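In: Give the three-dimensional model of this entry:
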Amino acid sequence: MSVQPDQPPVLAERKGAVCVITLNRPHVSNAMNAEGSYLVDRYVREAEADPEVGAIILTAAGDKAFCAGMDLKEAAERGAGHGLVPGAGFCGVTERVIEKPVIGAINGAAVAGGLEISLACDCLIAAEGVLFGLPEVKRGMVAFTGGVQRLAQQLPRQIGMEIITCGTLFPAERLYDLGVVNRVVPQERLMDEALAFTNTMLANSWKAIRFGKALFNDAQNEPLPAAINRGHANADRLMRSEDSREGIAAYAEKRDANFRRTE
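Out: The predicted structure is shown next:
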C-alpha cells in the first residue's frame, strides 16, 4: 500500500456500543510513531470516559501487519522511547489499567510493541496465519513495557523464554492452542467476528463485566486471599444494583435480561 501522508496515523469510530481504534500506517507495517502512540492513548481515554461505550476493539489497517512496534526510523532520529506515553506505556495501553474490556482484532503480524499491545488486550481474535513475537533481542533490546512481564503470566515458562531469548515467531494457531488467542478466523471475517464476539459480551451487564475484569486483574497481581477479600469488599454494591435485580428477575421469569446499556 502506498504512503498516504494526509491520513492520520490512527482512526477511531463508533460501531454501536463499541469504539473501534485502528492503527493506520500500513505503509510501515503499522509501526507507531510518537504521534500515533499518543493518538491511541487519547482515543482509549475518550472511550473510557464515554458512558455509551461498553468495550474497545484495537485493530489495524491492511492485512499484512497489526503492528511492528515503535517506528525505528523515528527512533533512530529522535532516540527510542518517544512513543511511550508517561504512565500508560506504548500506545497508552501497555502500562495502564483500562477498566472497560479491550478486544484485539489482530489482522496481521504482531511483533515487538505489536505483541505488547496484543498481550495487554483482554481477548484476542486473530486472522489465520498471523505471526506473534518479540524480535527485540535481535536488535539488542528487550520488550520492557509489559511484553516480557505478560508472557510470564500468560505462557508456560519454556515457551515464553523461547520468544524472549530466541525471537521465535509463533502463529496464531499455536497461541490459540496455548490459550492466548480466543479465536482464529479467516482474514475476511476478522472484523465481523471481533464485533460479534464483543457484542455477545456487551449483551451482559456492563457493570458486572467491569467488576469481573477488575477481580480477575486483582487475582493475577496479588495473593489469592487478598484478591478474594477485595472482591467481598466491593461486591455488595454490585449485588444491590439495578442490573443484579434485573438479572435475577429475568431468570425467575424465564426471559432475557434487559440490562441498562450505558455506564
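In: C-alpha only now, for contacts and for neighbours.
Out: Noted.
In: ranges for the strands of this structure?
Out: Per DSSP state E, the chain carries strands over the ranges 10-15, 18-23, 55-60, 65-67, 84-85, 89-90, 102-106, 109-111, 123-127, 131-133, 170-171, 183-185.
In: okay, those strands, which one's buried deepest?
Out: Among those, strand 65-67 has the highest mean neighbour count (mean count of other C-alpha atoms under 10 Å), at a mean of 31.
In: Can I get the strands of the chain in TSV including distance to residue 145 and mean pLDDT?
Out: Output for the strands of the chain, formatted as TSV (distance: least, C-alpha to C-alpha, whole Å; pLDDT from 0 to 100):
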stretch	distance to residue 145	mean pLDDT
strand 10-15	20	97
strand 18-23	19	98
strand 55-60	18	98
strand 65-67	15	97
strand 84-85	9	88
strand 89-90	6	90
strand 102-106	18	98
strand 109-111	13	97
strand 123-127	19	98
strand 131-133	14	96
strand 170-171	20	96
strand 183-185	25	98
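In: list the contacts for residue 247?
Out: 257, 258, 259 (C-alpha atoms under 8 Å, 6 or more residues apart in numbering).
In: Mark which of those are buried, thanks.
Out: The neighbour count (16 or more other C-alpha atoms under 10 Å) marks 257, 259 as buried among the contacts of residue 247.
In: Closest to residue 168 out of the contacts of residue 247?
Out: Using C-alpha to C-alpha, the shortest approach to residue 168 within these belongs to residue 259, at 44.6 Å.
In: Can you give me the pLDDT of the closest one?
Out: Residue-level confidence at residue 259 comes out at 81, pLDDT.
In: Then residue 227?
Out: At residue 227, pLDDT is 56.
In: And for residue 233?
Out: pLDDT, residue 233: 61.
In: do the same with the one 4 residues further on
Out: pLDDT for residue 237: 64.
In: Kindly report the same for residue 220.
Out: pLDDT recorded at residue 220 is 72.
In: got a list of what it touches?
Out: Each residue near residue 220 by C-alpha under 8 Å, 6+ apart is listed here: residue 153.
In: returning to what we had before: for the strands of the chain, which one sits closest to residue 249?
Out: Checked against C-alpha to C-alpha, the stretch from the strands of the chain lying closest is strand 55-60, at 25.5 Å.
In: Would you mind giving the orientation angle of that closest one with respect to strand 102-106?
Out: 20 degrees (axes from the mean of the first three to the mean of the last three C-alpha atoms, to 10 degrees).
In: neighbouring strands for strand 55-60, and are they parallel or not?
Out: Take DSSP bridges as the rule and strand 55-60 pairs in its sheet with strand 18-23 (parallel), strand 102-106 (parallel).
In: Including distance to residue 88, could these go into TSV?
Out: TSV is the format used below for the strands paired with strand 55-60 (distance: least, C-alpha to C-alpha, whole Å):
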stretch	distance to residue 88
strand 18-23	17
strand 102-106	15
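In: Ok, which of those strands comes nearest residue 204?
Out: That would be strand 18-23 among the strands paired with strand 55-60, by C-alpha to C-alpha, at 13.9 Å.
In: mind checking which of the strands paired with strand 55-60 is nearest residue 248?
Out: Closest to residue 248 of the strands paired with strand 55-60 is strand 18-23 (C-alpha to C-alpha; 26.1 Å).
In: what's the angle between the closest one and strand 10-15?
Out: 160 degrees.
In: Which residues does strand 18-23 contact?
Out: Applying C-alpha under 8 Å, 6+ apart, the set of residues contacting strand 18-23 is 9-14, 30, 32, 36, 40, 43, 47, 53-61, 66-67, 195, 198-199.
In: what about dumping the CA coordinates of it to PDB?
Out: Extracted as PDB, the C-alpha positions of strand 18-23 are listed here (Å, rounded to 0.1, in the frame of the first residue of the first chain):
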ATOM      1  CA  VAL A  18     -18.100  -0.400  20.600                       C
ATOM      2  CA  CYS A  19     -15.200   2.000  19.900                       C
ATOM      3  CA  VAL A  20     -13.000   0.600  17.100                       C
ATOM      4  CA  ILE A  21      -9.500   2.100  17.200                       C
ATOM      5  CA  THR A  22      -7.500   1.400  14.000                       C
ATOM      6  CA  LEU A  23      -3.700   1.700  13.600                       C
END
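In: No further queries at this time; thank you.
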